[in-house]
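Trainee: The sequence and its predicted three-dimensional model are supplied below.
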Amino acid sequence: MNVPLILRDEPFTEPTPVELPETLTVAEFAESVTLADLPSIFDAGYTKLAAAAPIGPGYALYSGPPLGTFDLEIGFPVAVVPDGFDAGTFPVGRALAFSHLGGYESLGASWGRLMEHFGASELGEVKFIAEVYTTDPSVTPAADLRTDLFVIY
């Protein structure tokens, strides 16, 4: 079995090229959402998906920068997709990774740093952006949260 969603113990302290492995996931999909919609989508979706026996942390996959409206997939890696759940589509291949450490209110600054590095590196076109929530915000203090950010190209 592959390590789910490039999960690793140490954070990506600098923007780091990685190869995303094939990962079986269960997912919920939402179209034309805004940032204001995320808390309710995340709460309901992750609660439902937790019944699918996740083997790794939750993720959010954005069709583009989460500005205005955008399409969203949230999910978990699983060993098998149980009946009653939809399979996800977490991308395989090249990505640039960086870890955000701390609460979600400062997540934008970490995304800014990663996107600036991506643009300067001339790695190609952005296909998707993703967040992998390596710590559980329901039991982890905000100061100790870690979110791995990925620009998939």
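Mentor: Received, thanks.

Trainee: use CA for all of it now, contacts and neighbours both
Mentor: Noted.

Trainee: so the most far-flung residue of the chain relative to its centre is in which element?
Mentor: Here the centre of the chain is the reference, and by C-alpha atoms, centre = their mean the most remote residue is residue 83, at 23.7 Å. Using DSSP states H and E, residue 83 falls within no helix or strand.

Trainee: Got phi/psi on it?
Mentor: phi -60, psi 140 (degrees, to the nearest 10).

Trainee: One more: residue 107?
Mentor: The phi/psi pair for residue 107 (degrees, to the nearest 10) is phi -60, psi -40.

Trainee: State the distance from the closest residue to it other than its chain neighbours to residue 71.
Mentor: For residue 107, ignoring the flanking residues on the chain, the nearest one in space by C-alpha to C-alpha, 6 or more residues apart in numbering is residue 100 at 6.5 Å. For residue 100, the distance to residue 71 equals 22 Å [C-alpha to C-alpha, to the nearest Å].

Trainee: and residue 74, what does it touch?
Mentor: Listed by C-alpha atoms under 8 Å, 6 or more residues apart in numbering, the contact set of residue 74 reads 27, 28, 29, 42, 45, 46, 58, 59, 60, 61.

Trainee: can you list those residues in TSV and add neighbour count and distance to residue 141?
Mentor: Supplementary listing: the contacts of residue 74 in TSV, determined by neighbours: other C-alpha atoms under 10 Å; distance: C-alpha to C-alpha, whole Å:
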residue	neighbour count	distance to residue 141
27	27	26
28	21	26
29	15	28
42	18	18
45	18	21
46	18	19
58	25	17
59	25	19
60	20	20
61	23	24
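
Trainee: Please tell me how far residue 79 sits from residue 87.
Mentor: Note on residue 79: its distance to residue 87, by C-alpha to C-alpha, is 11 Å.

Trainee: which residues are in contact with both of these two?
Mentor: Overlap of the contact sets of residue 79 and residue 87 (by C-alpha under 8 Å, 6+ apart) consists of residue 24.

Trainee: Hmm, residue 45 is touching residue 28, no?
Mentor: Yes - counting by C-alpha atoms under 8 Å, residue 45 does reach residue 28; the two are 6.2 Å apart.

Trainee: tell me the SS of residue 67?
Mentor: Using DSSP: H, G, I helix; E, B strand; the rest coil, the three-state assignment for residue 67 comes out as coil.
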